[in-house]
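Trainee: Sequence first, then the predicted structure:
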Amino acid sequence: MDLGLAGKACVVTGASRGIGRETAAQLCAEGAAVLLVARGEEQLREASSTAGAAGAEAGGRAEALVLDVTAEDAGKRMLAAAEERFGSLDVLVNNAGTARWRNLDEVPDEDWRAQYEINVMAPLRAMRAAAPAMVERGWGRVVNVCSTAGKRPSAAMPEYSVAKAAELSLSRLYADRYAKQGVLVNAICPGPTESEMWMEPGGLADQSMQLSGAASREEAIAAAGAKRPIGRLAAEREIASAIVFLCSERASYVSGAAWSVDGGTVQVII
């Protein structure tokens, strides 16, 4: 299926690892030009090289921008970099984020604020900069990578859940504002995914093991997967494939959606 992404100029935040890295690679493989954005330069350069290689046959290209997306001027800087390097910005994927497990009563004020900054203010600033430029061209796609925790709060990730719920609301506001002008805004709500956030040392798998009393991280991962109707955690490529579809020409009548890509975890039909 031709997704109509060849030649489109894209920005993906949180692109140095996990879902963001895989999304950038898949966009490049569709022939898009992708600006990968993250804070860690070395890992970002590696991800950019991998994405560029994935797009070599299709004519895709990848560039890196080292940037903290929570900076107040980050949205403007991403737009400027995309226009300077690619000539425009057609697609924005707000993916940057992080999470940890702990009790509601253990979350300090600064961590509530930090989650709001990265999950609400950073996407807001990016969309505020990008959407008007997309309107001028009459075409645009924005995908905000939210979470099942935004639909059904997780007691183990309270500040993350609340921020993701706010991001879903923000996504809907922007969708309603810009749909008639050709800019389609949607959200993706992944469940637990075999990405670095879960699998790296000290990540959510290890935190889950400690909180649940599991005998090993393998047992903790298996238990987390068993809670999903599909019976396992997601692969990065499965989440990224849904994101890339929403970025595409094929998603031309999808606006204001919050797609669950969670193996059936949140058992609602909206």
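Mentor: Cool, got the structure. Residues are numbered from 1 along each chain as shown.
Trainee: Send me the one helix or strand Ala53 maps to as CSV with only the CA atoms.
Mentor: If you go by DSSP states H and E, Ala53 is part of helix 41-54. Taking Å, rounded to 0.1, in the frame of the first residue of the first chain, the C-alpha atoms of helix 41-54 are listed here in CSV:
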residue,chain,number,x,y,z
GLU,A,41,23.4,13.4,20.8
GLU,A,42,25.3,10.1,20.4
GLN,A,43,22.2,7.9,20.6
LEU,A,44,20.3,10.4,18.3
ARG,A,45,23.0,10.2,15.7
GLU,A,46,22.9,6.4,15.7
ALA,A,47,19.1,6.5,15.3
SER,A,48,19.4,9.0,12.5
SER,A,49,21.9,6.8,10.7
THR,A,50,19.6,3.7,11.1
ALA,A,51,16.6,5.6,9.8
GLY,A,52,18.5,6.9,6.8
ALA,A,53,19.6,3.4,6.0
ALA,A,54,16.0,2.2,6.2
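Trainee: Tell me the buried residues in that helix?
Mentor: The neighbour-count check on helix 41-54 (16 or more other Cβ atoms under 10 Å) flags Gln43, Leu44, Ala47, Ser48, Thr50, Ala51, Gly52, Ala54 as buried. Placement of C-beta: from N, CA and C, glycine included.
Trainee: which pair in the residues you listed spans the largest distance?
Mentor: Gln43 and Ala54 (16.6 Å; Cβ to Cβ).
Trainee: If you average the pLDDT over stretch 117-125, what comes out?
Mentor: Stretch 117-125 shows an average pLDDT of 98 in the prediction.
Trainee: Sort out which residues of the biggest helix by length in the chain are buried, please.
Mentor: When the chain is parsed with DSSP state H, its longest helix is helix 158-178. Buried residues in helix 158-178, counting neighbours by 16+ other Cβ under 10 Å, are found at 158-168, 170-172, 174-175, 178.
Trainee: Who are the contact partners of the closest residue in space to Glu57 that isn't next to it in sequence?
Mentor: In space, Glu57 comes closest to Ala29 once its chain neighbours are excluded; the distance is 8.0 Å by Cβ to Cβ, 6 or more residues apart in numbering. For Ala29, the contact set (Cβ atoms under 8 Å, 6 or more residues apart in numbering) comprises Ala54, Gly55, Glu57, Ala58, Gly60.
Trainee: quick one: which of those is most hemmed in?
Mentor: Sorting the contacts of Ala29 by how many neighbours each has (other Cβ atoms under 10 Å) puts Gly60 first, at 27 neighbours.
Trainee: That one reaches Ser48, doesn't it?
Mentor: No - Gly60 sits out of contact with Ser48 when judged by Cβ atoms under 8 Å, with a separation of 11.6 Å.
Trainee: ok so, going back, okay, the buried residues of helix 41-54 in CSV with pLDDT and distance to Ala235 next?
Mentor: Output for the buried residues of helix 41-54, formatted as CSV (pLDDT from 0 to 100; distance: Cβ to Cβ, whole Å):
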residue, pLDDT, distance to Ala235
Gln43, 96, 20
Leu44, 98, 22
Ala47, 97, 17
Ser48, 98, 21
Thr50, 97, 16
Ala51, 98, 17
Gly52, 97, 22
Ala54, 97, 16
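Trainee: any idea which of those residues is closest to Leu124?
Mentor: For those, the nearest to Leu124 is Leu44 (22.8 Å; Cβ to Cβ).
Trainee: so who does the closest one touch?
Mentor: Counting by Cβ under 8 Å, 6+ apart, Leu44 touches Ala15, Ser16, Leu36, Val37, Ala38, Ala64, Val66.
Trainee: residues near the first one, how many?
Mentor: It stands for Ala15. So Ala15, with other Cβ under 10 Å, has 32 neighbours.
Trainee: isn't there a helix covering it?
Mentor: No - assessed by DSSP: H, G, I helix; E, B strand; the rest coil, Ala15 does not belong to a helix; its assignment is coil.
Trainee: if you skip the residues just before and after it, what's nearest to it?
Mentor: Excluding the flanking residues, the one nearest Ala15 by Cβ to Cβ, 6+ apart is Leu36, at 3.6 Å.
Trainee: which residues does that neighbour contact?
Mentor: Applying Cβ under 8 Å, 6+ apart, the residues contacting Leu36 are 12, 15-16, 20-21, 24, 44, 47-48, 51, 62-65.
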